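Student: Quick one, fold the following:
(chains A, B, C and D)
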Protein chains: 2
Amino acid sequence: MSEKEQKKATIYDLSVVSGASPSTVSAVLNGTWRKRRISEETADKIMTLAKAHRYTANLQARGLRSSRSGLTGLLLPVYDTRFFSSMAQTFEAKARQRGLVPMVVSGRRDPEEERQTVESLIAYSIDSLFVAGATDPDGVHQVCLRAGVPHVNIDLPGKYAPSIISDNRQGAEMLTSAIIRHAEGMGPLAPEDVCLFGGRDDHASRDRVLGFHAVKQSIFGDDVPKDDIETTGYSPGMTALAFERFYEKHGRLPRCFFVNSSINFEGLLRFMGRHDGEAFGDIVVGCFDYDPFGSFLPFPVYMIKPNVSEMLDRGFDLLGEDALPEIIMIEPQLVLPRTALEGPLDAIKDPTPA
Amino acid sequence: MSEKEQKKATIYDLSVVSGASPSTVSAVLNGTWRKRRISEETADKIMTLAKAHRYTANLQARGLRSSRSGLTGLLLPVYDTRFFSSMAQTFEAKARQRGLVPMVVSGRRDPEEERQTVESLIAYSIDSLFVAGATDPDGVHQVCLRAGVPHVNIDLPGKYAPSIISDNRQGAEMLTSAIIRHAEGMGPLAPEDVCLFGGRDDHASRDRVLGFHAVKQSIFGDDVPKDDIETTGYSPGMTALAFERFYEKHGRLPRCFFVNSSINFEGLLRFMGRHDGEAFGDIVVGCFDYDPFGSFLPFPVYMIKPNVSEMLDRGFDLLGEDALPEIIMIEPQLVLPRTALEGPLDAIKDPTPA
DNA sequence: TTGAAAGCGCTAACAA
DNA sequence: TTGTTAGCGCTTTCAA
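Tutor: Purely as a prediction, here's the structure:
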C-alpha cells in the first residue's frame, strides 16, 4: 500500500522535468534516438528520469500513431487440450522473445466465431496472426486480407496463406505400424482388428487416413476392408458413441486402433468410464497427439507429438515477407507407451519450495 | 481473393458518405446514440452504411480517448495443465459474454516475470485483471495499484486484493479420507503408509497439508508421524526425484498418497516411466487437481476439481465495486477414479464431421 | 543535435 | 436533434 494510485507519467511529464522537447523524449524512450542523433548525455538523463518516474509507454497511443501495435495473435480452436495449451505456452515465449505481446484466443471450431474473434483482434490492430487448427482458415484469411494483417496457418492448412503443418501422412504411418507391430506381438491380427476413430473431413484427417490405409495394405495386402474408419468429428461425446456402437456390435473394442486426436481420445475415456476392463482388455492404441497422462493408461498407447516449437519458428520466419501459400510439413515424433516427455513446464524456474 | 486490401473505414469516411458529423457517427456506432437523442432514422442510415463499408471501430483509438480499452487480463502461471487451460477457456467465454476481449498471459511462476507480464498488459490499458495462481500476488497487486487497474486473485490468495480460492482445507479432507478409505479396503493401513508429495510454502499447500493431517489424525489418532510430507515445489522433475528417493529407501511407493497438483502428478508419471508395475502395484492416489486422463491410470486415482466457473463468476462480480481484500472460498468437487467429466469442450458445436 | 506541429481514430463537452 | 472542437499519448516529418 506504499504508493498511491498516481496518473501514469507521459512523455510530456518527462519533457517538463528534463527540459527536453516531447519529441526528443519520445525518441529516447522508443529507441530511435541514436539514428535521430540525440546526444548520449540527453538520452541518459531522460532514461534516468523515466526510470525514476516509473514511466512506461502507453502502447495504445503508440499503436494508434504508428499503426504497429506490437501485438501478435494466435487463434486456437480450444485451449483445453495438451496440444493446444502447450502451443499457447510456446507461442507466448516465442512472441516475447521477439519483443511482441501475444494475444491468444479460441474460435471453438465455429467458422463464424473464428472470424468474429479474429475481427476482435484486428480491432486492436494486431500486427500478425497465427491461425492454428482453424475449421475455416480461408474465411479467416479473408478477414485478415481486408485488414492487411499478415498471417500463417499452423497445423491445418489453408489455400491462400502459407501453412505449416505436421506431416500427417508420415506420422499416421509411423503410428499405424507401431500399433500393428505391437498388437501382432500379442497374437495373430486380422485386418478388421485394426480401426480408426475420430477426425472429420479436413486436410489432416484425410492424410492420416491415407497413411493408415497405406500401412494396413502393406501389411495385410490389398483386400483390406474400407469400412474400418469411424468419422466422429472433434467431439468427445460423438467419439464415445462410436466406441459404444462398435462395442454393441462386437462385444469388445477392436484389438488395435488409431484415435485421431486427443479430443477423440477423451471419447475413449468416457467409454472406459462406463465399462470395465473386459471391454478393452488387451487393446493397443495409437493417438495422433501427445498427452503425458494418456501415455500411461492401462494399455499400450503410442502417441504422435507434433513439433510445435519448430512449426511456430517457421511461422514467425514466414510472416516477414508476404510468402506464397505453400504448405510446409514438419515431421512429428512417435512417442512410445509410458513416456513422460519434458515440456514447457520444465523450462520454468520454480522458486525454492521452502 | 475477391476483395483487395483496402484501408479500414473510419467514422470520417462514414461521416462523408452519410452527411452526418463525425460525432453523430461515433455516437451511433458506439451505442450511445439513444441518450444523445439522435433520430432513429439517422442512426439506421449510418448503421446500414457502416455495414456496407464493413466498418469496425479502431479499439486502440477508442481506448486511448475513453481510457477504457475493453480488455481484461488473466495472468496464469502456465497454460500447459488441464486446470489452467480450462480456466483460460472458461475465462475467454465469460469475458466475451460481458463484451470484453480477454488477454491471457503466463507469468511462469517467476515473481519478476509476473510483474513484467502484467506491465505489458497495463501498457495496453487493460481495464481489469484476474491473477490466477500467482507466485507473488502482492507484487502484482503493487503494479496494478499504481496503474489503477482493478484486480482479483483466483486460486491463490493475496493480502491486498479480494481473493477467490478453492476451499483447500476441505478439499484436502475429502481427498484424504477418500484415498484412505479405499486403501483400507485393500488391507490394514498404518499411518506411515499415507504420504503427501508436492506443493510449496504457499497458502494452498499449507491448507492442504492441514486437511491431510487432520484426517490422518482422526483416523490413526494423535501419534501420526509428521515426516509424511515431501515438499517439492511445482516442478515435475523435483517431484519425480522425491518419488525416487522414497523408492530407494522403501523399495516401493507408499500404498496411499496425496499429490498436491497435476504438475506434481506429472512427476509421478516420470517415475512410472522408469519403473515397472512392481514399484507401484496396488497404490491408491489422490490428486488435488483434475485431469481426465489422469483419472484412468492403472491404479485408483481420486481427484479434486476446483470450481473454476464459479470462481471466475465471483471474480467478475467483485471487480465492479472496489472490494475489500477478503478471501472467498469455493467448494471444490471430489472426482472418483475412472471418471471422464464433461468440460468446456462439450459446449462447442462441432461442425458435422462429413 | 533538437523542437514545433500535425495528426493516428475516436469520444465528450459544449454550442447551436 | 446535431455539429464543432479539443485532445487522449504518441510518432514523425520538417525546420531550425
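Student: going forward, measure contacts and count neighbours with C-alpha atoms only.
Tutor: OK.
Student: CA atoms of stretch A:324-339 as PDB?
Tutor: In PDB, the C-alpha atoms belonging to stretch A:324-339 read as follows (Å, rounded to 0.1, in the frame of the first residue of the first chain):
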ATOM      1  CA  LEU A 324       3.400 -17.800 -51.100                       C
ATOM      2  CA  PRO A 325       0.500 -20.000 -49.900                       C
ATOM      3  CA  GLU A 326       2.700 -23.100 -49.900                       C
ATOM      4  CA  ILE A 327       2.400 -26.000 -47.400                       C
ATOM      5  CA  ILE A 328       5.400 -26.700 -45.300                       C
ATOM      6  CA  MET A 329       5.500 -30.100 -43.500                       C
ATOM      7  CA  ILE A 330       7.200 -30.700 -40.200                       C
ATOM      8  CA  GLU A 331       8.000 -34.100 -39.100                       C
ATOM      9  CA  PRO A 332       6.200 -35.200 -35.900                       C
ATOM     10  CA  GLN A 333       7.600 -37.500 -33.300                       C
ATOM     11  CA  LEU A 334       6.500 -41.000 -32.300                       C
ATOM     12  CA  VAL A 335       6.200 -41.400 -28.600                       C
ATOM     13  CA  LEU A 336       6.300 -44.900 -27.100                       C
ATOM     14  CA  PRO A 337       3.900 -46.000 -24.400                       C
ATOM     15  CA  ARG A 338       4.600 -45.000 -20.900                       C
ATOM     16  CA  THR A 339       6.700 -42.000 -21.800                       C
END
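Student: for the record, mean pLDDT for that stretch?
Tutor: For stretch A:324-339, the mean per-residue pLDDT is 96.
Student: Kindly report the same for stretch A:73-84.
Tutor: The model assigns stretch A:73-84 a mean pLDDT of 96.
Student: is it anywhere near chain B?
Tutor: Yes. Judged by C-alpha under 8 Å from any C-alpha of the partner chain, stretch A:73-84 and chain B are in contact via A:Val78, A:Tyr79, A:Asp80, A:Thr81, A:Arg82.
Student: right, and the secondary structure at the second one would be what?
Tutor: I take that to be A:Tyr79. coil (DSSP: H, G, I helix; E, B strand; the rest coil).
Student: Pull out the buried residues from stretch A:57-73.
Tutor: Residues A:57-64, A:69-73 are the ones in stretch A:57-73 that count as buried (16 or more other C-alpha atoms under 10 Å in any protein chain shown).
Student: any chance of the residues of stretch A:73-84 next to chain B in CSV, plus neighbour count?
Tutor: Shown next, in CSV, are the residues of stretch A:73-84 next to chain B (neighbours: other C-alpha atoms under 10 Å in any protein chain shown):
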residue, neighbour count
A:Val78, 24
A:Tyr79, 31
A:Asp80, 27
A:Thr81, 23
A:Arg82, 21
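Student: Just name the closest of the residues you listed to B:Gly211, please.
Tutor: Of all the residues of stretch A:73-84 next to chain B, B:Gly211 sits closest to A:Asp80, with 29.4 Å by C-alpha to C-alpha.
Student: who's in contact with the closest one?
Tutor: Each residue near A:Asp80 by C-alpha atoms under 8 Å, 6 or more residues apart in numbering or on different chains is listed here: B:Arg82, B:Ser85, B:Ser86, B:Gln89, B:Pro344, B:Leu345.
Student: Show the buried residues in these.
Tutor: Counted by 16+ other C-alpha under 10 Å, these give B:Arg82, B:Ser85, B:Ser86, B:Gln89, B:Leu345 as buried.
Student: Just the ones in helices from the residues you listed, please.
Tutor: Those of those mapping onto helices are B:Arg82, B:Ser85, B:Ser86, B:Gln89, B:Leu345, per DSSP state H.
Student: Now do the contacts for the second one.
Tutor: When you say that, I think you mean B:Ser85. For B:Ser85, counting by C-alpha under 8 Å, 6+ apart, the contacting residues are A:Tyr79, A:Asp80, A:Thr81, A:Ser85, B:Tyr79.
Student: Also the third one?
Tutor: Shown here is B:Ser86, whose contacts under the criterion C-alpha under 8 Å, 6+ apart are A:Tyr79, A:Asp80, B:Gly343, B:Pro344.
Student: For A:Val104, which residues count as its bridge partners?
Tutor: A:Leu74 (DSSP bridges).
Student: since we're on it, how many residues are nearby?
Tutor: A count of nearby residues for A:Val104, using other C-alpha atoms under 10 Å in any protein chain shown, gives 24.
Student: now it: how far from A:Ala147?
Tutor: 19 Å (C-alpha to C-alpha, to the nearest Å).
Student: Report the beta-bridge partner residues of A:Leu196.
Tutor: A:Ile229, A:Phe258.
Student: Quick check: it touching A:Ile229?
Tutor: Yes. At 4.8 Å, A:Leu196 counts as touching A:Ile229 under the criterion of C-alpha atoms under 8 Å.
Student: which other residues reach the helix or strand harbouring A:His182?
Tutor: Per DSSP states H and E: A:His182 is located in helix A:168-184. By C-alpha under 8 Å, 6+ apart, the residues outside helix A:168-184 that reach it are A:189, A:194, A:204-205, A:207-212, A:214-216, A:255-258, A:283-288, A:302-304, A:331-334.
Student: Likewise for stretch A:267-278?
Tutor: A:235-241, A:243-244, A:252, A:280, B:292-293, B:296, B:338-340.
Student: I'd like the distance from it to the chain centre, please.
Tutor: 28 Å (C-alpha atoms, centre = their mean, to the nearest Å).
Student: Dump that stretch to CSV, keeping only the CA atoms.
Tutor: This file holds the C-alpha atoms of stretch A:267-278, laid out as CSV (Å, rounded to 0.1, in the frame of the first residue of the first chain):
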residue,chain,number,x,y,z
GLY,A,267,-14.2,-40.1,-26.0
LEU,A,268,-12.4,-43.3,-25.3
LEU,A,269,-12.1,-42.3,-21.6
ARG,A,270,-15.8,-41.8,-21.5
PHE,A,271,-16.3,-45.3,-22.9
MET,A,272,-13.9,-46.7,-20.3
GLY,A,273,-15.8,-44.9,-17.6
ARG,A,274,-18.9,-46.9,-18.5
HIS,A,275,-17.3,-50.3,-18.9
ASP,A,276,-14.9,-52.4,-17.0
GLY,A,277,-11.7,-53.9,-18.2
GLU,A,278,-13.2,-56.8,-20.2
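Student: Appreciated, that's everything.
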